[in-house]
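> What follows is a predicted protein model with its sequence.
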Amino acid sequence: MIPHIADPSTPGFSYLFLFQSQHQVDVAEILGEFPRAFDVASFAVQNYKDDPTLFINEKIKADIRDFTQNIMIEIGEPEEPKWEHGSWDGDETEEEFKERLRLYEEEKVKWLTVNSFLYFCGRNDYIYEYRFL
């Protein structure tokens, strides 16, 4: 019953960010709290063919913590920085902007589609036992 009231921001249920909101309650009931990466990937693969609208269309960031063997999912995507010389937030130099742009480019590659992330989980058996936070 407890998984029924969980949402993606509830500890142990960040994996719900992978699924459309209309499916999250059902998925939480089936997979429960802190599921293994293998269980989530298996469930997704088995059910995707029946319902292609199962996953969100947004990009996700999987924070994979090897030391604790946990995975935390974030949703969204970083915004590309814009340089507005002399804007209200001060006079940013071109070098400072280039550094922000470099950090953005570095961060941007960490964001994946749900399908890409699930493929990664399926192809890397070392991650099977990791649990979602």
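Looks like it arrived, so ask away.
> Now tell me what touches the single longest helix found in the chain from outside.
Looking across the chain with DSSP state H, the single longest helix is helix 94-108. With C-beta atoms under 8 Å, 6 or more residues apart in numbering as the test, helix 94-108 has contacts from 77-78, 80-81, 83, 92. (Glycine included, C-beta is placed from N, CA and C.)
> Looking at those residues, which is nearest residue 62?
The shortest gap between residue 62 and any of those belongs to residue 77, at 13.3 Å (C-beta to C-beta).
> for the closest one, helix, strand, or coil?
coil (DSSP: H, G, I helix; E, B strand; the rest coil).
> Ramachandran coordinates for the residue nearest to it when sequence neighbours are not counted?
Spatial nearest neighbour of residue 77, chain neighbours left out: residue 59 (4.7 Å); criterion: C-beta to C-beta, 6 or more residues apart in numbering. Per-residue torsions, residue 59: phi -80, psi 150 (degrees, to the nearest 10).
> thinking again about what came up before, work out the gap between the longest helix of the chain and the centre of the chain.
Here the centre of mass of C-alpha atoms in helix 94-108, compared against the chain's by C-alpha atoms, centre = their mean, to the nearest Å, lies 22 Å away.
> List of residues touching the helix or strand that comes right after it?
In the C-terminal direction, the helix or strand that comes right after helix 94-108 (DSSP states H and E) is strand 111-112. For strand 111-112, contacts defined as C-beta under 8 Å, 6+ apart pick out 59-62, 77-78, 120.
> at 7 Å instead, please
Where contact means C-beta atoms under 7 Å, 6 or more residues apart in numbering, the residues beyond strand 111-112 that reach it are 59-62, 77.
> Equivalent analysis for stretch 41-61, please.
The set of residues external to stretch 41-61 that reach it, using C-beta under 7 Å, 6+ apart, is 17-20, 23, 30-31, 73-77, 110-115, 117-118, 121-122.
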